[in-house]
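Chemist: here is my input, please return the structure:
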Amino acid sequence: MWSVAPALAQQPPADAAASPSFEAASIRPNGSGFIDFRFFPTRFVANNLTLGQLIEQAYNIQPRELIGGPDWLRVDRFDVMATSGAEVSQDQMRLMLRSLLADRFQLQIERETRTGTVYRLIARNVHDLKPPAKPDERSRVATMRNDGNGVLSYEYVGYNATMAQLAVTLGGHLRAPVTDDTKITGSYDFRISWAYDEPIGGIPPDPNAPTIVTAIERDLGLKLEPGNGPVPVHVIRRVSRPSPN
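Modeler: Model (predicted):
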C-alpha cells in the first residue's frame with residue numbers, strides 16, 4: 001500500500017503555457033486493431049492506445065507510476081495523428097504530446113514522491129550470465145510467453161543486455177522501483193523462466209516454474225531485496241473525455 005510522504009515534490013500541470021505544441025493533431029476513438037505507436041522526426045502516430053498509455057509515452061513513465069483517474073482512462077482506446085511542422089527531438093515531441101493531452105483531454109497531472117516498496121537487485125552466487133552471442137545486436141530484454149501445454153509461464157531473455165536493463169524490466173513486473181546494485185558491468189545473454197502465482201486469462205500457472213523472485217536467484221544467482229523508500233508517481237488531478245477535432 002502507498003503512504004504519502006510528509007513532503008510532496010510536484011511539477012507544474014501538463015498544460016503549462018510554455019509547453020510546445022503540435023502544428024496539427026487529430027484524436028479519434030478506436031476499439032480494434034493492433035496496438036502501436038511511433039515517434040517520427042515530424043509526427044507522432046498512435047493506434048489503439050488508451051489515454052493511460054498515451055500519458056506514459058508523454059511523460060516517459062511506466063504503468064506503475066501513473067495513479068488515479070477514471071476507469072475509462074485505461075479502457076477506452078484512441079488513434080492519434082499529430083504533426084510538428086518541423087523536425088524535433090523525441091524529448092521535444094513528448095512535451096508536445098503533453099500539451100495535446102492537456103488541450104484535448106483537459107489533463108492535469110502532478111508528480112509526487114510517496115513512500116512505498118522498492119527493491120535492490122544484488123549479486124549472490126552469480127552464474128549463467130553468458131557473453132553475448134552477437135555483441136553488435138541491439139541490447140534488450142525480451143518477454144516470451146509459453147502456454148502451449150495448457151499452463152502458463154514466461155521467460156525474460158536477455159540479448160546483449162545490462163543488469164540496469166534487467167532492473168528496469170523487473171521494476172515493470174513488480175510494479176515497484178528496482179535499482180541495480182549488482183556491481184556487474186558489461187552486457188550479457190541470459191534466460192529467466194518464471195510464472196505468476198495465479199491464473200492469467202483463465203490459464204493456470206505452470207507448477208514447475210517459480211515466481212520471479214525465486215526464478216532470478218535460481219537461474220542467475222541474483223537476488224531481489226525488498227525495502228521501503230521514496231517512489232516517484234504521477235497523479236491524475238483532472239481529466240475528461242477528448243474534445244472534438
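Chemist: so where's this protein shaky on pLDDT?
Modeler: Counting by pLDDT under 70, the chain contains low-confidence ranges at 1-18, 243-245.
Chemist: strands of the chain, residue ranges please.
Modeler: Along the chain, counting by DSSP state E, strands occupy 3-4, 24-30, 36-39, 43-50, 66-67, 77-83, 108-123, 140-146, 153-161, 178-180, 188-194, 222-238.
Chemist: who are the packing partners of the fourth one?
Modeler: Spelled out, that is strand 43-50. strand 36-39, helix 51-59, strand 77-83, helix 90-105 (3 or more C-beta pairs under 8 Å, 6 or more residues apart in numbering; DSSP states H and E). From N, CA and C alone the C-beta is placed, and that goes for glycine too.
Chemist: for residue 192, find the nearest of these.
Modeler: For the helices and strands packed on strand 43-50, proximity to residue 192 was assessed by C-beta to C-beta; helix 51-59 is nearest, at 24.2 Å.
Chemist: could you report the neighbour count for residue 29?
Modeler: Taking other C-beta atoms under 10 Å as the criterion, the count of residues near residue 29 is 10.
Chemist: ok, residue 43 to residue 242 distance?
Modeler: 18 Å (C-beta to C-beta, to the nearest Å).
Chemist: and for residue 235?
Modeler: Distance from residue 235 to residue 242, by C-beta to C-beta: 20 Å.
Chemist: so which of these two has more stuff around it?
Modeler: More crowded of residue 235 and residue 242, by other C-beta under 10 Å: residue 242, with 20 against 17.
Chemist: which residues touch the more buried one?
Modeler: For residue 242, the contact set (C-beta atoms under 8 Å, 6 or more residues apart in numbering) comprises 27, 78, 104-105.
Chemist: can you redo the helices and strands packed on strand 43-50 as a markdown table with distance to residue 161 and mean neighbour count?
Modeler: Listed next are the helices and strands packed on strand 43-50 as a markdown table, based on distance: least, C-beta to C-beta, whole Å; neighbours: other C-beta atoms under 10 Å:
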| stretch | distance to residue 161 | mean neighbour count |
| --- | --- | --- |
| strand 36-39 | 23 | 13 |
| helix 51-59 | 22 | 21 |
| strand 77-83 | 31 | 19 |
| helix 90-105 | 22 | 20 |
